[in-house]
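1. quick one, what's the 3D model for this:
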Amino acid sequence: MILGQPRHAPINTFPTWKYVMVLSIIFIGVLLALPNMYGEDFAVQISNKNGEPVSQELLDSIAKKVSDADVTVKSTELERGRGLIRLTSQEDQDLAKTAAYQFLNNHSDKNVSDDIVIAANLAPATPSWLANMGLRPMKLGLDLRGGVHFLLEVDLDDLFRREFEGLTSTIKTTLYEEDIHYQGVSNANTDSVVATFENVELQESAFAKLNPLLPEYEITEREVDGAHQLIFKMTEQKTREIRDIAVKKNITTLSNRINEIGVAEPLIQRSGSNRIIVQLPGIQDTAIARSIIGDTRTLEFRMVNEKVSLSQAMSGRVPYDSELIQESDGTSVLVYKDVLLDGEHVTGAKSDRDERGLPQISIRLDGTGGSIMANETGSRIGQRMAIILTEVSPIFKKDESGDFVKNDRGELIKVDEKIKKEAVSVATIQSTLSSSFRITGTFTPEYTSNLVLILKSGSLKAPIYIIEDSTVGPSLGQENIEKGTFSIFIGFILVLAFMLLRYRMFGLFANIALVCNLILIVGMMSMIGAVLTLPGMAGIVLTVGMAVDANVLIFERIREELKAGSAPAQAIHKGYDAALSTIADANVTTAIAALILFAVGTGPIKGFAITLLFGILTSMFTAIVGSRAMVNATYGGKAVKKIAI
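-> I've put the predicted structure just below:
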């Protein structure tokens with residue numbers, strides 16, 4: 001043996017870089033979690049519904065008006081073009097909102113008062129030095145923060161009605177061009193179109209021409225009272241595709257509209273085949289939210305039919321491919337039913353004035369919309385084009401007392417609908433239009449601002465209506481936070497006490513790792529912007545138990561090795577290595593279950609799943625790597641005869 005060489009090579013030691021890695025991860029976790037310590041301020045938000053930035057001068061003027069109303073203003077700030085006035089209480093928030101409205105109502109420039117939106121909100125009270133680093137607190141769900149909840153239903157009846165109107169027009173145009181005489185083409189009910197012919201020869205000729213043109217429709221032949229008919233019915237795939245596109249497009253449009261009222265973390269998700277859930281945490285002003293979300297108008301670009309005189313159409317002789325629609329000033333215009341372009345291709349709009357000082361709207365389209373517009377208008381220079389807004393108001397069944405009647409599934413029963421169409425602009429095409437163009441009309445500046453909001457947010461693919469709304473007050477949300485935090489605190493203290501009493505020094509290591517685990521969960525959720533809900537807090541409680549379970553497995557294995565006669569250093573080494581596979585198996589199976597919950601669940605279930613997933617990742621790190629680093633730093637490379645476990 002060489003003098004000075006130890007009898008055994010040192011075990012239970014980490015290289016320096018591993019200690020640095022563990023400390024760095026913990027430090028980053030603390031930094032990410034730190035913004036959650038500062039809570040939120042009651043605030044009044046000032047934004048421009050046209051998307052234009054709010055001026056510092058306007059913000060200062062409103063803040064002064066608020067101060068003059070004996071309301072304490074903590075601070076004011078401009079961020080992303082929106083003004084924010086921070087206050088000390090909800091009572092001050094209500095007073096400040098009233099004062100802000102009074103200021104706008106008395107403002108000399110009516111364009112300012114019409115364009116500005118005042119909304120009550122909750123703003124993170126994160127210090128500037130953390131905010132400048134891009135760090136933000138966790139987002140809180142509706143059950144913790146308070147806010148408003150809407151359940152919306154997409155009106156698929158109107159959507160399919162419009163699809164069949166287009167189909168009817170296509171059939172008539174094709175038969176006319178092919179010189180195939182027909183007795184009538186009508187939308188017999190909500191799910192089919194019927195074309196009637198005098199004889200079987202015409203019926204077969206029509207089938208031969210239309211069948212290749214309409215692959216997404218099932219065409220069947222039948223004879224009724226000597227009349228030969230073709231029945232056009234959508235395939236199941238086409239029906240499902242139209243429904244899915246409508247719901248997805250409406251979700252996108254609602255997201256754009258909600259941005260106009262300045263909600264920081266809205267939840268917008270599909271529920272079932274044709275319903276949408278909208279949750280707006282932190283919003284107490286439901287009137288503004290309801291007016292924007294509940295706007296059911298859809299947008300279409302159509303050509304004006306100038307082949308038929310307006311007087312002839314108004315006398316009742318309206319061509320089958322056209323319809324009469326009123327303009328905003330009350331006059332009528334005859335437009336084709338065929339739609340050149342709908343509102344889903346509009347990506348932006350801004351109101352300004354032309355060289356004569358008259359209101360005009362600058363419109364931007366996406367790439368697809370620009371190509372369609374260029375193709376359609378290139379050959380129609382000199383003709384007129386109309387922008388049509390359609391509003392569908394459903395009429396629901398009521399009982400004798402005037403209350404709405406619901407079916408077995410809890411849905412409102414629609415008995416009829418009121419359809420209102422308006423031509424908001426009728427303008428002559430001066431040149432080929434592309435992805436950017438301007439429209440003018442005989443509308444007022446106020447009307448222009450309102451139209452810009454609808455154009456900017458995008459039109460709905462299908463009308464929607466609110467079938468349920470509720471408000472969760474901030475006091476109830478605060479109560480949920482306090483109860484949830486208390487449950488985590490009690491569970492945490494009990495676990496810490498148990499581990500310390502049972503495993504002594506090693507229990508202390510496990511407790512430090514457990515605290516780090518909780519910090520890392522909060523830090524990770526803050527970093528990715530995850531939403532914490534009440535079930536999510538339950539997931540954190542479960543994670544605390546799972547993190548301790550890993551340490552219990554390791555410590556009990558170390559005890560077994562000590563009882564079997566292993567030296568303390570060997571017992572520690574074998575305990576960590578032997579328990580690793582068991583811990584990994586248990587966490588992997590739990591992670592699979594959490595992934596399935598996240599994939600198929602909605603709302604609260606997703607909140608539970610995401611905290612559970614993060615908890616599994618952080619607990620694996622803290623229980624195996626973190627606690628091992630503390631054990632190695634204390635006992636590693638030393639001739640230890642006894643350990644406190």
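2. over to Ser362: give its phi and psi.
-> phi -90, psi 130 (degrees, to the nearest 10).
3. that one reaches Arg438, doesn't it?
-> Yes: the pair Ser362 and Arg438 qualifies as a contact (Cβ atoms under 8 Å) at a distance of 5.1 Å. For the C-beta atoms, the positions are set from N, CA and C on the backbone; glycine is no exception.
4. whatever helix or strand Ile25 lives in: which residues count as buried?
-> Using DSSP states H and E, Ile25 falls within helix 16-33. Of the residues in helix 16-33, 22, 25-26, 29, 31-33 count as buried by neighbour count, 16 or more other Cβ atoms under 10 Å.
5. ok, Ala510 touching Phe555?
-> Yes: with contact defined as Cβ under 8 Å, Ala510 and Phe555 form a contacting pair (7.4 Å).
6. who's more crowded, those two?
-> Each of Ala510 and Phe555 has its neighbours counted (other Cβ atoms under 10 Å); Ala510 has more, 30 against 24.
7. next one: the more buried one, what pLDDT does it get?
-> Predicted confidence (pLDDT) for Ala510: 90.
8. next, it: secondary structure please.
-> Under DSSP: H, G, I helix; E, B strand; the rest coil, Ala510 falls in the helix class.
9. gap between it and Thr590?
-> For Ala510, the distance to Thr590 equals 19 Å [Cβ to Cβ, to the nearest Å].
10. spatially central residue for this protein, please.
-> Using Cα atoms, centre = their mean, the residue of the chain that lies closest to the mean C-alpha position is Ile268, 3.5 Å off.
11. for Phe598, see how far away that one is.
-> Ile268 sits 18 Å away from Phe598, taking Cβ to Cβ as the criterion.
12. and for Thr220?
-> From Thr220 over to Phe598 (counting by Cβ to Cβ), the distance is 44 Å.
13. who's more crowded, these two?
-> Comparing Thr220 with Phe598 by other Cβ under 10 Å, the one with more neighbours is Phe598, at 16 against 11.
14. elements contacting the one helix or strand that one maps to?
-> Applying DSSP H and E as the criterion places Phe598 in helix 568-600. Counting contacts by 3 or more Cβ pairs under 8 Å, 6 or more residues apart in numbering; DSSP states H and E, helix 568-600 packs against helix 534-563, helix 604-620, helix 627-635.
15. possible to save those helices as CSV with distance to Val193?
-> Converted to CSV, the helices and strands packed on helix 568-600 look like this (distance: least, Cβ to Cβ, whole Å):
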stretch, distance to Val193
helix 534-563, 48
helix 604-620, 42
helix 627-635, 71
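16. tell me the most buried of those helices?
-> Greatest average neighbour count among the helices and strands packed on helix 568-600 goes to helix 604-620 (a mean of 22), per mean count of other Cβ atoms under 10 Å.
17. and the nearest residue to Leu167 once chain neighbours are set aside, what is it in contact with?
-> Spatial nearest neighbour of Leu167, chain neighbours left out: Val193 (5.4 Å); criterion: Cβ to Cβ, 6 or more residues apart in numbering. By Cβ atoms under 8 Å, 6 or more residues apart in numbering, the residues touching Val193 are 164, 167-168, 171, 185-187, 231-232.
18. what about Gly370, neighbour count?
-> Counted with other Cβ under 10 Å, the neighbours of Gly370 add up to 19.
19. next, the buried residues of the helix or strand where it lies.
-> Assigned by DSSP H and E, Gly370 falls within helix 367-378. By 16+ other Cβ under 10 Å, the buried positions in helix 367-378 come out as 369-370, 372-373, 376-377.
20. for the chain, what's the longest strand?
-> Ranked by number of residues, the top strand in the chain under DSSP state E is strand 414-428.
21. against which helices or strands is that one packed?
-> Helices and strands touching strand 414-428, by 3+ Cβ pairs under 8 Å, 6+ apart, are helix 156-177, strand 322-327, strand 332-336, strand 384-396, strand 436-440.
22. hmm, who's touching the first one?
-> This points to helix 156-177. With contact meaning Cβ under 8 Å, 6+ apart, helix 156-177 is reached by 181-182, 185-187, 190-193, 195, 206, 209-210, 213-214, 217, 232, 234, 239, 242-243, 246, 274, 320-321, 337-339, 392, 414, 417, 419, 461-463.
23. buried residues in that helix?
-> Neighbour-count burial for helix 156-177 [16+ other Cβ under 10 Å]: 156, 158-165, 167-172, 175.
24. next one: that helix to chain centre, how far?
-> From the chain centre to the centre of helix 156-177 is a distance of 33 Å (Cα atoms, centre = their mean, to the nearest Å).
25. can you check what angle separates that helix from strand 332-336?
-> Counting by axes from the mean of the first three to the mean of the last three Cα atoms, to 10 degrees, helix 156-177 points 70 degrees away from the direction of strand 332-336.
26. cool, the second one as well?
-> Between the direction of strand 322-327 and that of strand 332-336, the angle (the same axes, to 10 degrees) works out to 140 degrees.
27. okay, the angle between strand 322-327 and strand 414-428?
-> Using the same axes, to 10 degrees: strand 322-327 against strand 414-428 is 80 degrees.
28. same for strand 322-327, what does it pack against?
-> helix 310-314, strand 332-336, strand 414-428.
29. now the longest one, how far from the centre of its chain.
-> Average the C-alpha atoms of strand 414-428, do the same for its chain, and the two points are 28 Å apart (Cα atoms, centre = their mean).
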